[in-house]
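K.L.:
Sequence below, structure please.
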Amino acid sequence: MDRNDVLDLLTSVVDRAVASCSNGRGSIAIHVKGLVRRIYRHGLILPAVSHNPVDLLPTDLLKAARPRPKKRVLTDEEIRTLWPAWASAGVAGAAFQVLLLTGQRPHIEVGLMRWSEIHEDSWWQFVSSKTEKENRIYLTPLTMSLLPTSRKDSSTDGFVFAKPGQPDKPVDLRNAVKTIRSRSGITDWAPHDLRRTAATGWAHIGVDEKIIEIILNHGPRNTSQRHYIWWKYQDQVQQALIQWSDYLAELCGL
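P.N.:
Numbering: from 1, shown residues only. Next up is the predicted model:
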């Protein structure tokens, strides 16, 4: 394999990425380039090759294929359209509604919510597996009404959004997205867009930026600092989530 072979390989991947406006293929092209470089670096150590063809490629070859930042935010009209589609999609649909109401991460936080994390005062307390930081989210009456199973019908530590009859297995949100896209006619939304939409919505209704950062769990890692912040701003966090819940209820005619 020489420089031209590598160039042809990466260019074909880049061209497909640009033509399809796909972030995924752009990422693949970047990873392929890195993989080929590592293989040849190993070959130079053996030594099995005399040079690394990737080092001879133009430095801006993959510029067009670099993943674009995700900025998708649902409009009010799209939320009105999607809400009944989620409502008709069972447990997974309820998870998407709760995701929009709370703004938490879809697969590792809302999708893995457990009954044992929900306290009697309607506060959801959990440790994010991504940030390893504790977070506390107030679940409004609307949010609580969307939880698909009552605690007494579930195991003590079962998943809230579980597969039917399998409390220890979370529902598959990814497959549900495909069905809901088809039902709603809105085909370009993804679960994480709901977190971004919630944050944008909070700003729109006047929630202070500091409170938004706290709800999104973007605060300090130090445990004592986080506890201090939570106790200091708990009322504001609760009020922000109630205000957002009321906004969505009015928007969707609930």
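
K.L.:
The chain: helices as residue ranges?
P.N.:
Assigned by DSSP state H, the helices in the chain fall at 3-20, 23-45, 76-87, 90-102, 141-146, 173-184, 191-204, 209-215, 223-251.

K.L.:
so which of those is the most packed in?
P.N.:
Of all the helices of the chain, helix 90-102 carries the top mean neighbour count, a mean of 24, counting by mean count of other CB atoms under 10 Å. Quick note: C-beta positions are derived from backbone N, CA and C, even for glycine.

K.L.:
Can you show me the CA trace of that helix as PDB?
P.N.:
In PDB, the C-alpha atoms belonging to helix 90-102 read as follows (Å, rounded to 0.1, in the frame of the first residue of the first chain):
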ATOM      1  CA  GLY A  90     -45.600   3.100  25.400                       C
ATOM      2  CA  VAL A  91     -42.800   3.000  28.000                       C
ATOM      3  CA  ALA A  92     -40.100   4.400  25.600                       C
ATOM      4  CA  GLY A  93     -42.400   7.300  24.500                       C
ATOM      5  CA  ALA A  94     -42.900   8.200  28.200                       C
ATOM      6  CA  ALA A  95     -39.100   8.200  28.600                       C
ATOM      7  CA  PHE A  96     -38.800  10.700  25.800                       C
ATOM      8  CA  GLN A  97     -41.400  12.900  27.500                       C
ATOM      9  CA  VAL A  98     -39.600  12.800  30.800                       C
ATOM     10  CA  LEU A  99     -36.300  13.500  29.000                       C
ATOM     11  CA  LEU A 100     -37.700  16.700  27.600                       C
ATOM     12  CA  LEU A 101     -39.200  17.700  31.000                       C
ATOM     13  CA  THR A 102     -36.000  17.000  33.000                       C
END
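
K.L.:
Centre of the chain to it, how far?
P.N.:
The gap between where helix 90-102 is centred and where its chain is centred comes out at 13 Å by CA atoms, centre = their mean, to the nearest Å.
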